[in-house]
Structures are given as C-alpha cells and as structure tokens.
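Asker: structure of the sequence below:
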Amino acid sequence: MASDVRVSAPTEERHPGTTGIDTASTLEILTLMNDADRTVPDAVAEVLPELALLVDHAVEAIRAGGHVHYFGAGTSGRLAVLDAAELLPTFNVPPGLFVAHHAGGPAALVSAVENVEDDVELGLAEASTLTSHDIAIGFTASGRTPFVQGALIGARERGARTALVTANPGAELAAYADHLLAPETGAEILTGSTRLKAGTAQKLVLNAFSTAVMIRLGRTWSNLMVDVVATNAKLRGRVVRILQEASGASETDARAALEASGGQLKPALLSLLAGVTVADAAAALSAHGDSVAVALSSLAT
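Answerer: Residues are numbered from 1 along each chain as shown. This is a model prediction of the structure:
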C-alpha cells in the first residue's frame, strides 16, 4: 500500500511504478531504471534557457578575471568535483579557474563525513574567498542542504552571482540564487536515492554548463578541442592529428607548425589556416581573446 506520509521534496516521494521492484527479475529491474532515466534529458531541456543565461554570465565573469565556484555535498558535490577536475586535461584550464568545494573535503569524496552537509557555517567559510567577479553554483538534489545554503549566502554577501542546481522546483534555497536550475526529475525508482535520476540530471547540467563556457571562451575550433599543449610524444601525436583534421595540412607541415609554436596547438593551427607565421598567429590570438575563429576572421580581413 502506498504511504500517505508527507514529504518535503520530490526526490523523497515514492515512485508508484516501482513498489514491486524488490521481487522483479534482473531484466525487469534494469528496464525500470532505463525507463526512468529516459525522462531525464527532457527535464533538463526545460531549464536550458536559464542555463544559457548562467553560461553567458560565467563567460563575462571569467573574461573580467573572475572564477567559477561549485558547492555541494554527497553525490551532488562529487559530481561537481569531477566536472572541475576534468576541465584541466580537456581544455587546459588554468588551475583555480573552476573550483569545487565539497562538504567535508577530499575525505568525503570516498566516504561519508558526519554532519558536514548540515553545517551552514562551513558553507559560509568555503565562500569567504569569493569576490564580486565570481560565479557561485550550489548543487543539492533536495534544494535545502545547509552547507550549500551557507555558501550561497556567503557568495551573495561578497557580490558574486549565484545559481542553484536542484531536483526540487520548490527548493528553499532558491531564495539565495540569481538563477534556479531545477529539472523536474520526480521520484526515484528507489525512494530518496538521488544518485539516480537527480544525479544524472545534475551531471547533464554540469556537462552542458562547463562545455558551453569553454566553447564560448574560444577553447575549441569547430568541434575540435584545440586548447591543448603537447607535452609528451602521445599528446604530440594526438595534436598533429587534430591539426591535420582541422586544416587539411600534411603530417609534415602539421609537425613543422607545431614545432615552431613550441607545442602550442592554437597558434600552430591558426598559422596553417591563415597562411601566416606562428608569431603572427600568436599575436592575432592574443589580440582577439585567444579565439581561433575570431583571430582567423581578423587575419582574413
């Protein structure tokens, strides 16, 4: 029989279609999970207009010397840490440009640390270094995690723009956010297990947010990752292939351009695309926000 106990967040409601999951076959369990997961992208699609605004503000903030800070606990915090960590190898992002603050620190990434997510003061302390140039994004499936509340309060006190990513459209912490991103993922197949649909939605939001910011900052050319420094033989081989794919140059010419640029992919690529020296390519990139597309346009005119 379904419970009539009142809950305070959609993620804590019982899913009416999975009450018999404990006696289902393995394939039935997996099918129930897959059916539930299929609803997540559509939920995320509903918040894309607000996410686009956040991306644009983040790009402006970074160009003005600001940073992006993620705040979360549990699954939400771990996903934020993962996203920030992957930006360095993927886009050669400078350390500190994206900072993930996980309640309880590194120890809480692999095991639970008691009470840290319920500590408002800890969140306030984590946000104490933010400035008015920064972006603060809180992640909490329930929309009420005290650590995230403290972080958003602290960020606002310092003039930072704030956002909340949650699976609860009626989140209490929405009051502290300039941007509310609340994909309505609803009840989990296992009641309250927010590492499932809610976690998947947060991962999709993180993927979309950070990737769009990197693209807008000019760290890609077409759909290729070109903000890479070739520091070893494996990476040099990968970079040469990117240069060939992007410019149509021969392997010999691509390697020569890469060598002339000191292993810097973007000036080597622009040199090949525009038919200019690597030095002129580097100067054009410096003058146009390090964007290959903008620099190429300037050289063409």
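Asker: got the contact list for stretch 259-271?
Answerer: With contacts defined as C-beta atoms under 8 Å, 6 or more residues apart in numbering, stretch 259-271 is touched by 221, 226-231, 236, 239, 242-243, 246-247, 254, 257-258, 276-278, 280-282, 284-285, 290, 292, 295-296, 299. (Each C-beta comes from the backbone N, C-alpha and C, glycine too.)
Asker: domain ranges for the protein?
Answerer: Here the domain parsing of the chain from automatic domain parsing is 41-216, 221-300.
Asker: can you list those domains in a markdown table and add distance to His15?
Answerer: Converted to a markdown table, the domains of the chain look like this (distance: least, C-beta to C-beta, whole Å):
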| stretch | distance to His15 |
| --- | --- |
| domain 41-216 | 4 |
| domain 221-300 | 38 |
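Asker: show me what secondary structure element comes after the lengthiest helix in the chain.
Answerer: Determined from DSSP state H, the single longest helix within the chain is helix 197-216. Per DSSP states H and E, the first helix or strand lying C-terminal to helix 197-216 is strand 220-221.
Asker: need the contact partners of that following strand.
Answerer: 214, 226-227, 246, 266, 269, 292-293.
Asker: got a ChimeraX select line for the buried ones in the residues you listed?
Answerer: Listed next is the ChimeraX selection for buried residues among those, using 16 or more other C-beta atoms under 10 Å:
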select :214,226,227,246,266,269,292
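Asker: any idea how many residues pack against Ser25?
Answerer: 8 (other C-beta atoms under 10 Å).
Asker: all the strands of this protein, in order from the start?
Answerer: In the chain, the strands defined using DSSP state E lie at 68-72, 98-102, 135-139, 161-165, 179-181, 220-221, 224-225.
Asker: CSV for those, including mean neighbour count and distance to Arg14?
Answerer: Formatted as CSV, the strands of the chain follow (neighbours: other C-beta atoms under 10 Å; distance: least, C-beta to C-beta, whole Å):
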stretch, mean neighbour count, distance to Arg14
strand 68-72, 27, 25
strand 98-102, 24, 29
strand 135-139, 30, 24
strand 161-165, 27, 24
strand 179-181, 21, 25
strand 220-221, 20, 44
strand 224-225, 16, 43
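Asker: out of these, nearest to Glu117?
Answerer: strand 68-72 (8.7 Å; C-beta to C-beta).
Asker: run the angle between that closest one and strand 98-102 for me.
Answerer: Strand 68-72 runs at 20 degrees relative to strand 98-102, counting by axes from the mean of the first three to the mean of the last three C-alpha atoms, to 10 degrees.
Asker: about what we covered before: buried residues in the longest helix of the chain?
Answerer: 197-206, 208-214, 216.
Asker: what of stretch 49-63?
Answerer: So stretch 49-63, judged by 16+ other C-beta under 10 Å, has buried residues 51, 54-55, 57-59, 61-62.
Asker: now swap in stretch 86-104 and tell me
Answerer: Per 16+ other C-beta under 10 Å, stretch 86-104 contains these buried residues: 87, 91-93, 97-104.
Asker: still on that earlier bit, adding mean pLDDT and distance to Thr18 as columns, could you present the domains of the chain in JSON lines?
Answerer: Below are those laid out as JSON lines (pLDDT from 0 to 100; distance: least, C-beta to C-beta, whole Å):
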{"stretch": "domain 41-216", "mean pLDDT": "95", "distance to Thr18": "4"}
{"stretch": "domain 221-300", "mean pLDDT": "90", "distance to Thr18": "38"}
